[in-house]
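**Q** Just need the structure, nothing else, for what follows:
(one chain, ligands or ions: 2)
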Amino acid sequence: MTKHKDAIDLDAVPLSDRLRLPLGPVSMAGLDPSATPGYPGDGKDDAERYTEDLGPRLSDLQEMLYASGRSVPERAPRILVVLQGMDTSGKGGVIRHAIGLVDPQGVELTAFKAPTAEERRHHYLWRIRNALPSPGKIGIFDRSHYEDVLVVRVDSLVPEDVWSKRYDEINEFEAGLVADGYRLIKCMLNVSFDEQRKRLAERLADPSKYWKYNPGDVDARLKWPAYMEAYEAALEKCNTEAAPWYVIPSDRKWYRNWAVAELLREALSGMGLAWPGAEFDVATEQQRVAGS
Ligand code: AMP
Ligand code: MG
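**A** Ligands and ions are numbered 1, 2, ... in the order given. Next up, the predicted model:
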């Protein structure tokens, strides 16, 4: 296939269509973590350029998102990017390299850790609701309410009859957000078992990366099959029309970062955003400014 033809094919299929998880049963074994679907370039060497080229467009779109909702804040559109994935899958890398392309003033980032004592006194969605993005902003969740059906399920932090009811509850919660004007982009960063070992070993080989290493990550790694089962359930049960899942092959960091930036660009482009008109007479104001 010539390069030219390739480019035409790619234009026809949005990345969101390629990465959207099909409805129905999910098998993690059937999802290739090293694939690079829809990538427009040749590979690693031009990835930085392709990703950075998205920056100006992303910034413009975010500014438009903000401006478009200023007059009716309660109906202002908002974006929520949910990042889930095993340790080392690159949630932090995506935030630095893809989300980092957007003006920081337009972004609201929340990282969810094990719940604090206060959070544990509330419903598990309480801290999630509190962290929802403001009108016109792009919210980023580094982990999310999905931990409440992932680590919580794998480690039996609550009984099965409690966590098993959460899938429907999450679907209802997310459908409510969408009805309120949120656009959800749920990304599962799919890293392979072997690549995770490599990345953990790298952290241990470099004193400047020790801080990223958490001995607990190996404990989670040793439960890999249980985690994959929990991911399969979450991806299958919570893959709705209103809030679909995207599975991002994440063994190649350059692809992963580009893909999330491009998904964000497509989502913003598809929102029908426009610059709001002036709420004053432009000609009059031009004269006033010129004469001032
Ligand atoms: P990290 O993202 O590497 O800083 O780690 C955050 C830790 O918080 C992970 O081990 C998660 O499994 C844990 N965590 C996040 N949300 C929850 C939750 N709802 N219940 C229990 N542990 C959680
Ligand atoms: Mg970690």
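**Q** from here on, contacts and neighbour counts on C-alpha atoms
**A** Will do.
**Q** Contacts (any at all) between ligand 1 and the strand or helix carrying residue 225?
**A** According to DSSP states H and E, residue 225 maps onto helix 224-237. No. Between helix 224-237 and ligand 1, judged by C-alpha under 6 Å from any ligand atom, nothing touches; the nearest distance is 10.7 Å.
**Q** which strands and helices sit next to that helix?
**A** Helices and strands touching helix 224-237, by 3 or more C-alpha pairs under 8 Å, 6 or more residues apart in numbering; DSSP states H and E, are helix 151-154, helix 166-179.
**Q** Please identify which of those is closest to residue 247.
**A** Proximity to residue 247, assessed across the helices and strands packed on helix 224-237 by C-alpha to C-alpha, is greatest for helix 166-179 (17.8 Å).
**Q** Can that closest one be said to contact ligand 1?
**A** No. Judged by C-alpha under 6 Å from any ligand atom, helix 166-179 and ligand 1 are separated, with a smallest distance of 12.0 Å.
**Q** list the helices and strands that helix packs on?
**A** helix 224-237.
**Q** by how many degrees do the helix it packs on and helix 166-179 diverge?
**A** Counting by axes from the mean of the first three to the mean of the last three C-alpha atoms, to 10 degrees, helix 224-237 lies at 50 degrees to helix 166-179.
**Q** I'd like the C-alpha coordinates of helix 224-237 written as PDB, please.
**A** Only the C-alpha atoms of helix 224-237 are listed here, as PDB (Å, rounded to 0.1, in the frame of the first residue of the first chain):
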ATOM      1  CA  TRP A 224      -2.700  -9.800  37.200                       C
ATOM      2  CA  PRO A 225      -5.300 -12.500  36.100                       C
ATOM      3  CA  ALA A 226      -7.800 -11.200  38.800                       C
ATOM      4  CA  TYR A 227      -7.200  -7.700  37.600                       C
ATOM      5  CA  MET A 228      -7.800  -8.600  34.000                       C
ATOM      6  CA  GLU A 229     -11.000 -10.300  35.000                       C
ATOM      7  CA  ALA A 230     -12.100  -7.200  36.900                       C
ATOM      8  CA  TYR A 231     -11.200  -5.000  33.900                       C
ATOM      9  CA  GLU A 232     -13.100  -7.300  31.500                       C
ATOM     10  CA  ALA A 233     -16.200  -6.900  33.700                       C
ATOM     11  CA  ALA A 234     -15.900  -3.100  34.100                       C
ATOM     12  CA  LEU A 235     -15.300  -2.700  30.300                       C
ATOM     13  CA  GLU A 236     -18.100  -5.000  29.400                       C
ATOM     14  CA  LYS A 237     -20.800  -3.800  31.800                       C
END
